[in-house]
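Enquirer: test case, fold it:
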Amino acid sequence: MAKFQVEVEAGEYIAPEKMTFNKFVKEWRYIYANKHLELKIIENYSHMLKNHIDPVFGGRRWDEIKPLYHSYYFKLTAIQHSVRQ
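Expert: Presented below is the predicted three-dimensional model:
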């Protein structure tokens, strides 16, 4: 709770209804990935995001992405991969 309050007071908090998935990913890369993950992992994640996840979720606001939508997307993706093999 204290961290949340600090973010709000510093103007760093962005309400979910104002942040898109793409914006979240950019911040995640800057704040977390670049400091904690190996370059190869970041490259792999970037590839998956660009080619598979961004086309579906990229422009959506964070508060619009619901768990049911995640489940639907991942089931559809699994079906597509099983058909290709």
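Enquirer: next, the distance between the ends of stretch 47-63.
Expert: One end of stretch 47-63 sits 24 Å from the other (C-alpha to C-alpha, to the nearest Å).
Enquirer: after the lowest-mean-pLDDT helix or strand in the chain, heading C-terminal, what element do we hit next?
Expert: Ranked by mean pLDDT, DSSP states H and E, the weakest helix or strand in the chain is helix 2-10, scoring a mean of 52. Moving toward the C-terminus from helix 2-10, the next helix or strand (DSSP states H and E) is helix 21-28.
Enquirer: buried sites along the helix or strand just after that following helix?
Expert: Remark: after helix 21-28, the chain's next helix or strand is helix 34-36, criterion DSSP H and E. Within helix 34-36, no residue counts as buried by 16 or more other C-beta atoms under 10 Å. C-betas here are computed from N, CA, C, even on glycine.
Enquirer: and after helix 34-36, which helix or strand comes next?
Expert: Criterion used, DSSP H and E; the element after helix 34-36 is helix 39-48.
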